[in-house]
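> fold the following.
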Amino acid sequence: MPVKTIPKVSEPELMSLEPDEKVLTEKARQDALLALPGVMFTDVEVRYYPYKEAAAHLTGYASQVTADDLETRAGEGYTENSGYGQGQILMNPLHLASLYTAFCNEGNVVKPYLLYKNEPQADIWIPGIFSDVTAAWVMEGMKKVVDDPEGTGYVAYREDIVLAGKTGTAEIKTSIEDTAGTEIGWFAVFTAEKDVENPVLLVSMVEDVKKLAGADMWSIRTRSCWMGI
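Prediction:
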């Protein structure tokens, strides 16, 4: 009877000059389990999320196949016990975040990365997409989006830090004449001062905001954005 899926300890990991302590601990645990009567290991393929929630929006997720899935994908090899990949790779927020770095870096777009760095150094991806004068001018406008009571992103205003931002809506239509399409709301917000101790740049997207308007719509986007801090 299958009991639990556990990490597989590979020989190359154990034979390295300095094996990871976690690998050695897991190997000792599995050896102890194998010493129990009736316990055996069987290799099984699983979908692995090395960065868990940190990159879930890039990798999607897997779930048990449904009756609808079996019907729509008949003949593709799925059974009632199959796992089925859900979601899709969505890079739009990452693209937006990358482009907004230009306003903090004299018009130069910084290259994004997913791996944590102890001492990060800016790697310019697209140099001079704007002039430094234009970047500074747009930055001042984006500050007003957040700190002006009439700004569309004023709900993100904070007294302890200067923020800049931009709100927007993207229409999802099948054609120009389509009037029934949905809308995606988005809000980009970032620290506007270079000497801030912990600079952040966050992009929030909310699906199906067509029926929302005004403060309700922006407050939803802002909460979605700032929950990640």
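
> the longest helix anywhere in the chain - what's its average pLDDT?
Secondary structure of the chain per DSSP state H: the longest helix is helix 132-147. Mean pLDDT, helix 132-147: 93.

> how about the strands in the protein?
Here the chain has its strands, by DSSP state E, at 61-64, 83-86, 109-110, 124-126, 163-172, 182-191, 201-206.

> so which of the ones you listed gets nearest Gly77?
Nearest to Gly77, of all the strands of the chain, is strand 83-86, at 11.2 Å by CB to CB. C-beta coordinates here come from the backbone N, C-alpha and C atoms, glycine included.

> what mean pLDDT does the closest one get?
For strand 83-86, the mean confidence score works out to 66.

> quick one, helices of this protein?
11-14, 21-34, 56-59, 67-72, 92-100, 132-147, 214-226.

> contacts for the longest helix of the chain next, please.
Contact partners of helix 132-147, identified using CB atoms under 8 Å, 6 or more residues apart in numbering, comprise 102-107, 130, 151-154, 156-157, 162-167, 189, 192.

> quick one: least confident helix or strand in the protein?
The weakest-scoring helix or strand in the chain, judged by mean pLDDT, DSSP states H and E, is helix 214-226 (a mean of 45).

> tell me which of the strands of the chain lies nearest to Glu71.
Among the strands of the chain, strand 83-86 sits nearest to Glu71 (CB to CB), with 12.6 Å.

> low-confidence ranges in the chain?
The chain contains residues with pLDDT under 70 at 46-63, 83-91, 211-229.

> spit out the contact partners of the closest residue to Met205 other than its chain neighbours.
With sequence-adjacent residues excluded and distances taken as CB to CB, 6 or more residues apart in numbering, Met205 is closest to Trp186, at 4.7 Å. Residues near Trp186 by CB under 8 Å, 6+ apart: Pro93, Leu96, Thr167, Gly168, Thr169, Ala170, Val203, Ser204, Met205, Val206, Arg221.

> and those, which of them are buried?
Buried members of these, scored by 16 or more other CB atoms under 10 Å, are Pro93, Leu96, Thr167, Val203, Ser204, Met205, Val206, Arg221.

> quick check: beta-bridge partners of the fifth one?
It stands for Ser204. Phe187 (DSSP bridges).

> ok so, going back, how about the longest helix of the chain: buried residues?
Within helix 132-147, the residues that count as buried by 16+ other CB under 10 Å are Ala135, Val138, Met139, Met142, Lys143, Val145, Val146, Asp147.

> helix 92-100 and that helix, what's the angle between them?
With axes from the mean of the first three to the mean of the last three CA atoms, to 10 degrees defining the directions, helix 132-147 sits at 130 degrees from helix 92-100.

> just the CA coordinates for helix 132-147, please, in PDB.
The C-alpha atoms that make up helix 132-147 are tabulated as PDB, following Å, rounded to 0.1, in the frame of the first residue of the first chain:
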ATOM      1  CA  ASP A 132      17.000  60.100 -18.600                       C
ATOM      2  CA  VAL A 133      15.000  63.300 -18.900                       C
ATOM      3  CA  THR A 134      11.900  61.500 -20.100                       C
ATOM      4  CA  ALA A 135      12.300  58.800 -17.400                       C
ATOM      5  CA  ALA A 136      12.400  61.500 -14.700                       C
ATOM      6  CA  TRP A 137       9.400  63.300 -16.200                       C
ATOM      7  CA  VAL A 138       7.300  60.100 -16.300                       C
ATOM      8  CA  MET A 139       8.400  59.200 -12.800                       C
ATOM      9  CA  GLU A 140       7.000  62.400 -11.400                       C
ATOM     10  CA  GLY A 141       3.700  61.700 -13.100                       C
ATOM     11  CA  MET A 142       3.600  58.200 -11.600                       C
ATOM     12  CA  LYS A 143       4.200  59.500  -8.100                       C
ATOM     13  CA  LYS A 144       1.100  61.600  -8.400                       C
ATOM     14  CA  VAL A 145      -0.900  58.500  -9.300                       C
ATOM     15  CA  VAL A 146      -0.300  57.300  -5.700                       C
ATOM     16  CA  ASP A 147       0.200  60.400  -3.600                       C
END
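
> nice, that's everything, thank you.
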